[in-house]
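S.K.: the sequence and its predicted three-dimensional model are supplied below.
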Amino acid sequence: MELFDTHTHLDAQQFDEDRERVIDNAVQAGVTRMINVGFNRETIPSTMKLVETYDFIYAAIGWHPQDAVFMQEGDLDWIASLCSHPKVVAIGEIGLDYYWDTSPKDVQHRVLRQQIGLARELNMPIVIHNRDAHEDIVKILREEKAGEVGGVMHSFSGSWETAKLCLNMGFHLSFGGPITFKNARVPKEVLAQVPMDRLLIETDSPYLTPHPFRGKRNESANVRLVAEAAAQIKGVDLEEIAQITTQNGLERFGIV
């Protein structure tokens, strides 16, 4: 059985003491591919170092909305130049975050629009971060014709109505630890309705740790717990979810 963690942050400082062991844990749990996400001036280089070190780790690089205020002239060109690397498979995570008040909304909007434009120019999928900004995310994705490249709605937390709008633009929906939480009614209800060929799973480690380890550091190995929860919600066995979500990930990110 193969599993694909489509969104992780293995370069995070939380793994500085035991990164190799954490990656080995994932491999032992059946994780055959991972996408590490570099999202600012510090994490883009550390992500590129990881993909050069491990043949089964790929990269998504972009500028996170929380850091949008720090994006400088030349950074978009820097991201564009790195996208020529064969193991950079998406631009992200990019988007809007209205929960953490770290960058003004107008700055977040501008940086998101610029990066969607870059993705269309390079014909690369995008990975969308959306926190408490469902309406504006859909509006900007539409206006910037993001459906031309599609991508992934990372750690999807919106309603089924928002999900349908994203699916209609050609996006995949990715789910993580919250689908294992007892009180997470909405993501479970949405996942139950998402077509199998648009479903992805992720950990977002070291964050969003699934039950029963909630409150502890998350690891990519825990994507198996996400897969188990998704299988239960979909009414299929674990092997089927693993096979379908892995194939979906390979196709969405163009990994051979």
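M.R.: Structure received.
S.K.: phi, psi of Glu42?
M.R.: The phi/psi pair for Glu42 (degrees, to the nearest 10) reads phi -90, psi -40.
S.K.: ok, now which ones touch it?
M.R.: By C-beta atoms under 8 Å, 6 or more residues apart in numbering, no residues touch Glu42. To be clear about C-beta, it is placed using only N, CA and C from the backbone, and glycine gets the same treatment.
S.K.: so what's it scoring on pLDDT?
M.R.: Per-residue confidence at Glu42 stands at 98 (pLDDT).
S.K.: am I right that Arg33 sits in a helix?
M.R.: No - according to DSSP: H, G, I helix; E, B strand; the rest coil, the state of Arg33 is strand, so it is not within a helix.
S.K.: do I have it right that it meets Thr8?
M.R.: No - with contact defined as C-beta atoms under 8 Å, Arg33 does not count as touching Thr8 (10.5 Å).
S.K.: neighbour count for those two, which is higher?
M.R.: Each of Arg33 and Thr8 has its neighbours counted (other C-beta atoms under 10 Å); Thr8 has more, 30 against 19.
S.K.: give me the neighbour count for Asn123.
M.R.: Neighbourhood size, Asn123 [other C-beta under 10 Å]: 9.
S.K.: wouldn't it be in contact with Val149 here?
M.R.: Yes - in this structure, Asn123 is within contact of Val149 by C-beta under 8 Å, at 6.2 Å.
S.K.: Arg19: how many residues sit nearby?
M.R.: Residues lying near Arg19 (other C-beta under 10 Å) number 15.
S.K.: show me the contacts for it.
M.R.: The neighbours of Arg19, taking C-beta under 8 Å, 6+ apart as the test, are 10-11.
S.K.: any idea how far it is from Pro212?
M.R.: 24 Å (C-beta to C-beta, to the nearest Å).
S.K.: what's the longest strand along the chain packed up against?
M.R.: Ordering each strand of the chain by length in residues (DSSP state E) puts strand 88-97 first. Other helices and strands packing on strand 88-97, by 3 or more C-beta pairs under 8 Å, 6 or more residues apart in numbering; DSSP states H and E, are strand 31-38, strand 57-61, helix 105-122, strand 126-131, helix 134-143, strand 151-153.
S.K.: quick one: which of those is nearest Lys216?
M.R.: strand 31-38 (18.2 Å; C-beta to C-beta).
S.K.: contacting residues around the closest one?
M.R.: Outside strand 31-38, the residues that touch it by C-beta under 8 Å, 6+ apart are 2-11, 26, 43-48, 50-51, 56-62, 89-90, 92-93, 127, 220-221, 223-224, 246, 249-250, 253, 255.
S.K.: that strand pairs with which strands, and in what direction?
M.R.: strand 3-8 (parallel), strand 57-61 (parallel) (DSSP bridges).
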